[in-house]
Each structure stands twice: as structure tokens, then as C-alpha cells.
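> structure here, sequence nowhere to be found:
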């Protein structure tokens, strides 16, 4: 691998890590903001609870992104390409689930906020 390719590989890995951290932050912050709002009102919709659960699972999948990506890189480095590819696919699946859970949580929170008196 050339030095230029190594540099691009390293930079791509940095951006992937920052993307995973961003998913963790937005799901966690959304959950905390809904929790804060629920704590300040006496009546709340079940959709607000569901949105917090969705954001919580989004956080879980955000952490799994980092775990799966680490496992993929470890196996790529050890020339275990069949295992690396499996971890790679799991990483993409975790990204998709994390984003989907965030979007679902936003939708449920919106429904819950609209049902408040």
C-alpha cells in the first residue's frame, strides 16, 4: 500500500469514528431532552416514552458501530478477510439501525408533543 493510500485510509477512518460519535451524541441528546421535558409536565403521551426507548436503542447501536468497526479493522489488520467482511457488514447495519431509530424517535416525540393539552 502506498503512503498516499495509507493517508487516505487513515483519514477515512477518522471521519468514520467522528460519524459514529455524532450518532451517539444526537441519540443521547435527544433522549435527554425528551426526558427533561417529561419531567416538567404532569401529563405526557405514551409516544414520548416510546421515543425515549427508540433513542436509547439508537445509543446502543451507536456504541455497537464503534465495537463492530474496531473488530472489522482488527480482522483486516490480521488478514482475516472473511471475518473482517462480516464485521464490516454488521457495522453498516448498526449505522442504518441507529439512524432509523433516531428518525423514528423524532417522529414519535413529535406525535407525543402534539397530543399534549
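Sure thing, it's come through. As the structure is a computational prediction, the values presented were derived from the model and not from experiment.
> any weak-confidence spans in the protein?
With pLDDT under 70 as the threshold, the chain has low-confidence stretches at 1, 5.
> ok, residue 43 - contacts?
With contact taken as Cβ atoms under 8 Å, 6 or more residues apart in numbering, residue 43 is in contact with 116, 117. C-betas here are computed from N, CA, C, even on glycine.
> in the protein, which residue is most central in space?
In the chain, the C-alpha closest to the average C-alpha coordinate belongs to residue 62, at a distance of 3.0 Å (Cα atoms, centre = their mean).
> so it is in contact with residue 27, correct?
Yes: the pair residue 62 / residue 27 is scored as a contact, 5.8 Å apart, by Cβ atoms under 8 Å.
> name the residues contacting each of the two.
Shared contacts of residue 62 and residue 27 (Cβ under 8 Å, 6+ apart): residue 98.
> where along this protein do the helices fall?
If DSSP state H is used as the criterion, the helices of the chain fall at 3-39, 46-77, 81-114.
> the last one vs helix 3-39, what angle?
Meaning helix 81-114. In terms of direction (axes from the mean of the first three to the mean of the last three Cα atoms, to 10 degrees), helix 81-114 departs from helix 3-39 by 30 degrees.
> what of the second one?
Angular relation of helix 46-77 and helix 3-39 on a 0 to 180 degree scale: 160 degrees, by the same axes, to 10 degrees.
> returning to what we had before: determine which stretch of the helices of the chain is the most buried.
Neighbour counts (mean count of other Cβ atoms under 10 Å) averaged over each of the helices of the chain peak at helix 46-77, with a mean of 19.
> packing partners of it?
The contact analysis (3 or more Cβ pairs under 8 Å, 6 or more residues apart in numbering; DSSP states H and E) places helix 46-77 against helix 3-39, helix 81-114.
> and those helices: which comes nearest residue 66?
Among these, the nearest to residue 66 by Cβ to Cβ is helix 3-39 (5.2 Å).
> and the closest one, what does it pack onto?
Where contact means 3+ Cβ pairs under 8 Å, 6+ apart, helix 3-39 is packed against helix 46-77, helix 81-114.
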